[in-house]
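please work out how this folds:
(one chain, ligands or ions: 1)
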Amino acid sequence: MTRTPIMAGNWKMNLDHFEAVALVQKLDWTLKDAKHDYEDVEVAVIPPFTDIRSVQTIVDADKMGIVFGAQDVSEHDSGAYTGEISAAMLKRLGCTYVVVGHSERREYHGEDDALVGRKAKVALDAEMTPIICCGEGLDVRKEGRQVEYTLAQIDGAFDGLSADEAKKTVIAYEPVWAIGTGEVATPEDAQEVCAAIRARLAELYDASVADAVRILYGGSVKSSNVAQIMAKDDVDGALVGGASLKAEEFAAIARFKEHAGAK
Ligand SMILES: O=C[C@H](O)COP(=O)(O)O
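Numbers count the residues shown, from 1 in each chain. Below is the predicted model of the structure:
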């Protein structure tokens, strides 16, 4: 089956709402100049919560092909959860995607696989697509246990999801040691774990789920390395951090098919 690639820019805790509008406009102009076909490669931006309304307004006003999402969501529907943002609120703002279980949430906020699974479920219930993050740290990689470690995260996160729900998810494999370090995993490293994730989806559900789910790689992706990573069979896009904060660089990542070595 043909899976439409996604290039998703996770801005993390960067850019206020004025800067967000400027970046999205520049990204849109750059992609329009290149006559980018969004049905060929989806382009998503994932700003901080405080920017989403501004991004929604400019995306709608300028009829952009860019879609957007949020970096996290509460597992709760509403109520006394100070500081939390519900799935319904994000849906109302036009979010397509919600990142859940990013390694920075796991590390700094103690999120575990069960919580990640519950967050994925509330996103799906609100008709948004969760981008479920997984990936090993350096210690695990040094021990050669990256596949078993990452698959355990997948088992935990997908525990409460039906086959129909699982089919609608996106997974991002992000080896923690490659995030923001400039230390990109080799295309073979990315393919090894992404292929193992796809095989596990076939075991947990069936081949139709495994074929449908898009699996992204994340960790120091740049325009200079994206084509080689995207050439791998089981890599269907990238979750991009630092390089998504520059419009021209992120547009070049989205245009990976123009680079040498692209599949
Ligand atoms: O969500 C994005 C990842 O954490 C990758 O970040 P990075 O591209 O800055 O390494």
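
which residue packs closest to whatever residue of the chain ends up closest to the ligand, ignoring adjacent ones?
Taking CB to the nearest ligand atom as the measure, the point where the chain comes nearest the ligand is Gly241, at 2.3 Å. Placement of C-beta: from N, CA and C, glycine included. Of all residues not flanking Gly241 in the chain, Asn10 sits nearest, at 5.4 Å (CB to CB, 6 or more residues apart in numbering).

need the residues of the protein near the ligand, please.
Within reach of the ligand by CB under 6 Å from any ligand atom, the chain has these residues: 10, 102, 174, 179-180, 218-221, 239-243.

buried subset of those as a PyMOL selection?
A single PyMOL command selects the buried members of these (16 or more other CB atoms under 10 Å):
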select buried, resi 10+102+174+179+218+219+220+221+239+240+241+242+243
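
can you give me the helices in the stretch 151-263 of the chain?
163-167, 187-204, 207-212, 226-230, 247-254 (DSSP state H, counting those that start in this stretch).

can those go into TSV with extra columns for distance to Thr4?
TSV is the format used below for the helices of the stretch 151-263 of the chain (distance: least, CB to CB, whole Å):
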stretch	distance to Thr4
helix 163-167	14
helix 187-204	16
helix 207-212	11
helix 226-230	12
helix 247-254	12
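
okay if I get those as TSV plus mean neighbour count and mean pLDDT?
Output for the helices of the stretch 151-263 of the chain, formatted as TSV (neighbours: other CB atoms under 10 Å; pLDDT from 0 to 100):
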stretch	mean neighbour count	mean pLDDT
helix 163-167	16	98
helix 187-204	18	98
helix 207-212	16	98
helix 226-230	23	97
helix 247-254	22	98
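
and Leu23, which of these is closest to it?
Closest to Leu23 of these is helix 247-254 (CB to CB; 5.7 Å).

quick one: contacts of the closest one?
Applying CB atoms under 8 Å, 6 or more residues apart in numbering, the external contacts of helix 247-254 come out as 7, 9, 23, 26-27, 30-31, 34, 36, 41, 43, 221-223, 226, 238, 240, 243-244, 259.

quick one: which of these sit in strands?
Members of the contacts of helix 247-254 lying in strands (criterion: DSSP state E): Met7, Gly9, Val43, Ala238, Val240.

which of those residues tops the neighbour count?
Within the ones in strands among the contacts of helix 247-254, neighbour counts (other CB atoms under 10 Å) peak at Gly9, which reaches 31 neighbours.

confidence score at the residue nearest to Gly241?
We note a pLDDT of 98 for Asn10 in this prediction.

if we can go back for a sec, need the contact list for the residue of the chain closest to the ligand.
Taking CB under 8 Å, 6+ apart, we find Gly241 in contact with Gly9, Asn10, Lys12, Ile179, Gly180, Gly218.

let's see that with 7 Å instead.
Asn10, Lys12, Ile179, Gly180 (CB atoms under 7 Å, 6 or more residues apart in numbering).

which ones among the residues you listed lie within strands?
Using DSSP E, the subset of the contacts of Gly241 located in strands is Asn10.
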